[in-house]
Each structure stands twice: as structure tokens, then as C-alpha cells.
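Asker: Sequence first, predicted coordinates after that:
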Amino acid sequence: MGNVFKFILPVLAIALTTWGHWPKADEAILQNPFQEQKLILNLQSMVEQGTLSASAVDRSRATPGNLMLPAGSQLLALVNTSCAQAGSGRKHTQSVGDVRDAILPVQAYSLELLSETSVRQLSDELEQDPCIVGVTENAEVHISGEFTNDPGLAQQTAMAAIRADLGYDFLWGSSFKINQDVIIAIVDTGVAYTHPDLTNSMWRNAANQVGFDFINNDTDPMDDNDPGHGTHVAGLAAATGGNAVGISGVMGYRAKIMAVKCMDAEGSGTIAGIVNGLRYAVTNGAHVVNFSLGGRGLNAAMQQALNEAVAAGVVILAASGNDGEELTNVNTFTPASYGSQLAGVLTVGSFDANSLARSGFSNFSTTYVELGAPGSQGNGNAGIVSTLPNNLYGNLRGTSMATPVAAGAAGLVVGFLRTRGIAYTPADVERILRESAVISNNLSGDFAGGSRLDLLQLSVYLQNSYVFPGNPGLESD
Amino acid sequence: MRLILLLALPLLLGACSDGFKAKSLGGASSSAGGGSYAPDDAVALVPASDRIDAACMTSDQFDTCLFRKSPVAQQNSALAASTRAAVASMQTYGVRLTGLNASGFLENAHFRITTSRTTRLALSGNKKPLATAAATSDLEQLMTYYYMNRAIEYMIPRGPLAVRGQNINVVVDERANGFHPASRAIHLRREADQLPASFDASVPIYLLGLANAHLASGGALNNIAANDTNHRACGLDAKGCCASSSGCARALAAGAALYFAAVVFPNQPAVGELDANRVAGARLCAVADRDLRNVANQTVAAAHQLCVTRVGDANILGNVYASIWWQLRGQVEADAYALDFLYLQHLSRLNASDTFSTAKQKILDLDRDLLEGRFNDRINAEFTRRGL
């Protein structure tokens, strides 16, 4: 069987989509679960600490510290795909996917729990498998955009709202010009990479592939979603500028779109897919990763992947979600809720491109939502324009749209720093975007610091910080 | 009475290729305090023609009506409202425009006022625009030209001014304030939601001081080596802070610029008053005023630790360097010309590896070489008082 890895094992189910509360930073969930021990032990620990929701757990039949887990839910397993002993000796678990198709050294697989068992049993069993790096819950994830069929809204109000043209005076100006490519990975439903406004901005690897499809497990990440969520997202971030075709993304020049398809045609996916997509992006050199998606609750595997990506120098943008709710330490959203904990992961909410007030659908929080970007227009009722499959353009609204606008801006920052030969960390990029944001009274109760993305202020910030030797110190701070 | 300096300065002045002539210094051959001198062609800082006049806009005695330094400096208090309408009524500083070339625009051999997003002012047009004319940058251009020209006319007789004849490009409607060494351009911020930086003359004059320091050193002051250890990362600026309280090139540049501005505005030796809307000027890190009146006794050790989030901030340490010069100037009031001469001369000796300590030694050496050590004791004492 070689490296074939199959989970043909009965599994104990965990339905952990809702968590009791946001643990403190020093609690297990916010630590790096894979550094010292397998994640399954952290699961046990979290149950014991009460940080794991018991709503789906049968406490009546549990002994203290050993809760019973119902069948029917999914686990997420991170597997060492080169491990020859994978799957041996298992009794309770069965995997979705075959390690022979793996493209990553450590790849995530969904596991379905077939029968009830206890957390302790599960931990004991999976811990003994040398091929399993970790196991956690596999929450369902949904894309965050809403299609609004507004064919007449063909103007890029989002660009005006962030004063992009004024920022471009400097970023693409006569005395300075970004001259380094920036790879922006769109982890989404794929990208219609033949779109005339995208095709020349696609990243391509040595095999001329534009990304990967983790849904169909192939190298053709074409967007099959209706209306084309990933394509719309890609266009907002990086549709080709200056080509006399359609629109321009926020980073219309020098951006290279990496299409990482982890969401299916219905706009759904799993943490396993997202984690794989993120690892693919990191492995293949992405500078910026856009997550216009999310799911309720927290997920330690996602957190771990985010940690690794940031450590590898990748900036991550995450949508805050479209429930119109306040994100709190108990009302959490993955990956958005990790933004405030991880410098280099920026959580983006949506404001309206016309009113500059928070879009009604946008989740908000002055702690967990760190930056506002335009994701709607017409007082939140209409979408903003971008590319769609079949060479079309259309309007979508959502924090899904706000996030790639910010991702394009992150790309500009990375491009600027790379052009200037300045070493940076993802935390630097996040800080630049946040410190250069407009402080908006309209958004003061919605996003951290009332921050609203603004490319003019961003360009001034970059000039003050990097172009003139030493900030002249003529302005108070 | 005009005194004549007898000291010849052939070697150092030879580096100035644009016509600077050695001055004859009188009574300056003895020890410090033994005499003072002034240039043959000394220029008044404020010509008699330029003055506050409430009827400026209708008077033909003035070419244009500006703010005296800035609206905040002019009224010597914070503005109730930082708007164009609020400050327009303060355009009562009537001045004559001098030093123009024949181009018909605000320019001469030393610098030229240009724009990036608005129209250049043609001198054939209205030269008394109001601050409320937000669609144009005419007042911004006039403010910048007048004060930069005053500064250059005043400084040229005092020593080798490196910006002299350099045709510096001064753009009054940029996105940010700064001197850009590569293009040798001065940028002044002008945005719709703020009063323009050029409404505060301390800003272009400070940047002119930066440009002068850069050019005087042949660019060496900004040529910081990759393995430099005098600087450290400061926020986002990889060389924005000095590694030690002894200072660094960035702090020398900042201090040199601040002293330059103080010489031009001796009664109000602060920069950034309008942006900060306070008489004490810009306030860095919420703790450090860019006002030489407020740092007269500050040590480098104190300045180095003043900002806990930016320990060793070059601008904050630069305040001390400027203050050392400023205190010396106050001590030798009648001999200020000689001190300014020494200041201008020492810039050509600075490079990117210098600190305040190495600069001190260079100043002492220059003083001995050029002025027979007339300020040596004072220089030693003042640097020592600041912990150097």
C-alpha cells in the first residue's frame, strides 16, 4: 500500500461547532497545540476546563473529565502524508480522502465519527497513531458574500470610498512605483482565471498552474460557484489595472492571484479544506492570503495553520462575517476571531461605500474587528462591482467583498516594502494598515479605533515612514 | 557700526563653488568673547518693508499678505478653529517679494516653487489670494517662497550655505512633508481636510535645513551603512532611533534642521505649531516638544529615554543637539554670526557614522581652525552639560 493512508476506523463523533466561551489567552486553545502535544489532548483538556461547549456532548453518561461524544459529526485530522503506518490499528474512525492524493507534507482530512464514544477513548486511540499530527473539530464554513443583482451599478464606488486614486498618486507615481510582484492567494470557490480582467494577473507555478482545487483534488481551481464568489473576490483585490478592460482591483498592478479552491459550488467547505488551502498558499510563496469565509466558533487547527502562516511571513485577511452581530469572546467566528490574537491576521468588517457607515450585515466589534473596508453601497442594500465568471461583471455585497479590498491594500504595502527592500513581518503590514486608517466617528462603535481603510492616508503613512529619511517630526504624534 | 573680520578662510571656503567669498572678520582674533563680527553684506532677517498691517489686502505697499510664520505663531495661541475661513482674517503680514528671477513664477537660483496637483502661480496674476481659495495653492506657494527666500537671503552671508544655487524643487501640494534626498526635493503636505503645511513657515524652513545638512555633507549624512550600529529600528523606520544617548546621524540631521529653523525664527524657536495647534509646536510621542525654549536643560540621557515606545527617537534627541547650538547662540549673542558660520561649516564635516560626541570633536576642531578656538570653552561646557 505504500503511503496509502486510510481512516477505515469507527470514530467517535464530536459536534463542537459551538463553544462555551472564549478562553483566556493562556488557555489551551490559544496556545500552539501542535508544538508540544497532539491536539487531541488539548481537546480533552478543553472539555475538562469547560471551555468546550457541552451542548452537543452527552454529559449524563460521562464520567468527570470524560464526556461522551455523539455520532454523526466530523473531526479534522492533520496527517503526516509520508507516514507509512497510517491508519493501522484503528477501530473507530474513517477518513474522507486518500493520502495518495496528498500534495502537502502535512495535510488535513475530514474524519466522520460513526459511533458514540468518549473524548478520552478518542484521545487514547488517535494519540497512538504516529501518522496523526493532531485532531480537532471540523466545523462547517460558509462564504460571506451576498449576491445582489444590480447590473446598473458598474462603477467602483469602493475605490472612491478608500480614496484609491489619491493613494495611487504616490504608490504608482512618477517618483516612486511599486516594482515587485505580490502573490495574493484567494482561498475561496476558485477563480475564473480566464476572465480577461484576471488572466494576466494570475499567479502561475512552474507547471503553469494557477493554483489548486481542494474540492476536486486537482490543479484546475476554476470557479464553479454561482454567482462566482471567488472570482468576485479576486477581482476586488487584484483585477488587472490599466488594461482598458472592465475594472481595476485595489492592487491592479504587480499583484499575482493564486487561486486556492477550498469551497464548493454551493459556497461551503470545511476547516480541513481551508487549512489545506492555507498551507498550500504558504508553501507556494503567497505573500497575502484572503479569507472571505468563516464559520461560527473557534478551531484550534485553523489557529495553528494561521500561526504557521504568519510565522512564515504571510499576511492574512479574514472576513468578520455577515450576521450583523457583535463578535465577542463567546460569539466567535473562525478565522475572524483570531485576528485580535495574532498580529499579522487582520479581521475586516464592511462599511458602505456611499454612507461610510457600517454595512448593516457586517459583524462588528471594537476588539475583534480591526479594520473596515467597503463591502456594500447604497446604504448596505447593494453590492460593489467586480469580476464574475463567464467574462462578466456584477455586484456582490458582504464582508467577503470588504476583505479583498483590504487584501489588495495589504498587497500594496507588501509591494511597497519589497520595492524598497525593507524587511517586514505580517505584523508590520497589519500595523501599517491599521495605523494609517482613517479614524471614523461613524465607525467608532463598530470596528477597533473606528478604523476605515484609506489609501491616501496609507500612502502618506508610507512616505512619512520610509521615503523621507527619518520622519521629519513636524507633526505631533 | 560694522566690524570687519580679519580672519581668512581660504581652504574651507574653497569647497563652496558657487561664489561664496571669504569675509573679513574684525576683532575676532582673540579668545572667546573677545570680539564679534558681522558680514559685509549682512541681511536683515525681517526687512523694514515687511510688517503686520490690517489693511494689507488693500495696501499697495505690499506684494502679498501672508501669515507671520503661522497663524498660531502670529497670534501666539492655539486657534479656535483650524479652518481656512478661520485663518483668512489673519493674513495681515504684508511683505515684499524679493529675489525672483525673470521666469514669471516663484523661483530663483536657489529653489523653485512647484506643484503636483494644482496650478503654479503666475506672477502676472493675483498675488494676494485668501486662504479660503481652497481650489488653488496660490497662498501656499507665496508663503513658501517668501519664507524660504528670506531664510536663504539671511543665511547666505553667514557662511557656506549648501542649498545656495541648487535649484531645489519645492512642491507645495504633496501628500506628506519631507525632504527627499534622491530627488533633492522638498515636499509639503496639502490636503483638503487640513490646513496646508505651508501655512506654517516653520515646516518648509525646517525642511530647508534638512536639505542644507544633506547637501553640505555631500549626501554623506544620509548614506547610512548597512552594518551601521548607531541606529536602530524605531517603529516602522529601520533607522528612526539612535542606539545610544550619544546620538546618531538622523538625530544630527534633525537637530541641524531645528537649529536652522530657530535661526530664521529666533523669537519663536519651535516647529510644527500649526499642525499641532499649539505654541510649543509639534509634540512627539506626546512628551517631547519641538520647541527649543522647552529643552534648554535637557540631557541626552533624558531625551534618549523620554519616549518609552520609541527609545532614542532621532527627532527627540535632535532637539537636544539643536538646543546645544541654540544655547551657545544665546550665550554669544553679539557673536551669533560667527557661531552660525561655525554651524554651517560643521555640516560639511558630518557623515552617517557620526554621533553627537564625534560631532562635538569636529566642531571643536573647526572652531580652533577657523575661529582660533573662540568658542571652545563654551562648546565644551555646553556639550558636557548635556551629558556629552
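Answerer: Now that the structure is in, tell me what you want to look at. Residues are numbered from 1 along each chain as shown, chains lettered A, B, ... in the order given.

Asker: So which bits of chain A are right by chain B?
Answerer: A:166, A:169-170, A:175, A:422-423, A:428, A:431-432, A:456, A:459-460, A:463-477 (CB under 8 Å from any CB of the partner chain). The way it works is simple: take the backbone N, C-alpha and C, and place the C-beta from them, glycine included.

Asker: Buried only: go through those residues for me.
Answerer: Among the residues of chain A next to chain B, those buried by neighbour count (16 or more other CB atoms under 10 Å in any protein chain shown) are A:166, A:169-170, A:428, A:431-432, A:456, A:459-460, A:463-477.

Asker: Among those residues, which are located in helices?
Answerer: Counting by DSSP state H, the part of these found in helices is A:166, A:169-170, A:428, A:431-432, A:456, A:459-460.

Asker: The residue nearest in space to the middle of chain A pairs with what?
Answerer: Ranked by distance to the mean C-alpha position of chain A (CA atoms, centre = their mean), the top residue is residue A:291 at 2.6 Å. As for beta bridges, residue A:291 partners with residue A:187, residue A:318 under DSSP bridges.

Asker: My read is that residue B:261 contacts residue B:206, right?
Answerer: Yes - using CB atoms under 8 Å, residue B:261 is in contact with residue B:206, at 4.5 Å.

Asker: Can you work out which residues contact both of the two?
Answerer: Residues touching both residue B:261 and residue B:206 by CB atoms under 8 Å, 6 or more residues apart in numbering or on different chains: residue B:271.

Asker: Relative to chain A, how far out is residue B:212?
Answerer: Per CB to the nearest CB, to the nearest Å, residue B:212 is found 14 Å from chain A.

Asker: ok, that residue - contacts?
Answerer: B:161-163, B:256, B:260, B:344, B:347.

Asker: Please produce TSV containing these, extended by neighbour count.
Answerer: Formatted as TSV, those follow (neighbours: other CB atoms under 10 Å in any protein chain shown):
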residue	neighbour count
B:161	25
B:162	21
B:163	24
B:256	28
B:260	28
B:344	24
B:347	24
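
Asker: host element of the closest residue in space to residue B:245 that isn't next to it in sequence?
Answerer: In this structure, residue B:245 finds its nearest non-sequential neighbour in residue B:304, 3.8 Å apart by CB to CB, 6 or more residues apart in numbering or on different chains. Following DSSP states H and E, one finds residue B:304 within helix B:300-306.

Asker: just checking, what packs against that helix?
Answerer: Packing contacts for helix B:300-306, counted by 3 or more CB pairs under 8 Å, 6 or more residues apart in numbering or on different chains; DSSP states H and E, involve helix B:314-331.

Asker: What are the buried residues along the helix it packs on?
Answerer: Quick answer for helix B:314-331 (16+ other CB under 10 Å): B:314-329, B:331.

Asker: ditto for stretch A:197-212
Answerer: Here stretch A:197-212 shows A:197-198, A:201-203, A:209-212 as buried, counting by 16+ other CB under 10 Å.

Asker: same deal with stretch B:282-298?
Answerer: Of all the residues in stretch B:282-298, those buried under the rule 16+ other CB under 10 Å are B:282-285, B:288-292, B:294-295, B:298.

Asker: Need phi/psi at residue A:472.
Answerer: phi -60, psi -20 (degrees, to the nearest 10).

Asker: swap that for residue B:284, sorry
Answerer: Torsion angles at residue B:284 (phi, psi; degrees, to the nearest 10) stand at phi -90, psi 140.

Asker: how far is the lengthiest helix in chain A from where the chain is centred?
Answerer: Ranked by residue count under DSSP H, the longest helix found in chain A is helix A:399-420. Averaging C-alpha positions (CA atoms, centre = their mean, to the nearest Å) puts helix A:399-420 14 Å from its chain's average.

Asker: okay, the residue nearest to the centre of chain A: pLDDT?
Answerer: At residue A:291, the pLDDT value in this model is 97.

Asker: Quick one: end-to-end distance for stretch A:233-245.
Answerer: Length of stretch A:233-245, first residue to last, CA to CA, to the nearest Å: 17 Å.

Asker: that older thread, mind putting the buried residues of stretch A:197-212 in a markdown table, pLDDT and secondary structure included?
Answerer: Output for these, formatted as a markdown table (pLDDT from 0 to 100; DSSP: H, G, I helix; E, B strand; the rest coil):
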| residue | pLDDT | secondary structure |
| --- | --- | --- |
| A:197 | 90 | coil |
| A:198 | 95 | coil |
| A:201 | 96 | helix |
| A:202 | 98 | strand |
| A:203 | 98 | coil |
| A:209 | 97 | coil |
| A:210 | 98 | coil |
| A:211 | 98 | strand |
| A:212 | 97 | strand |
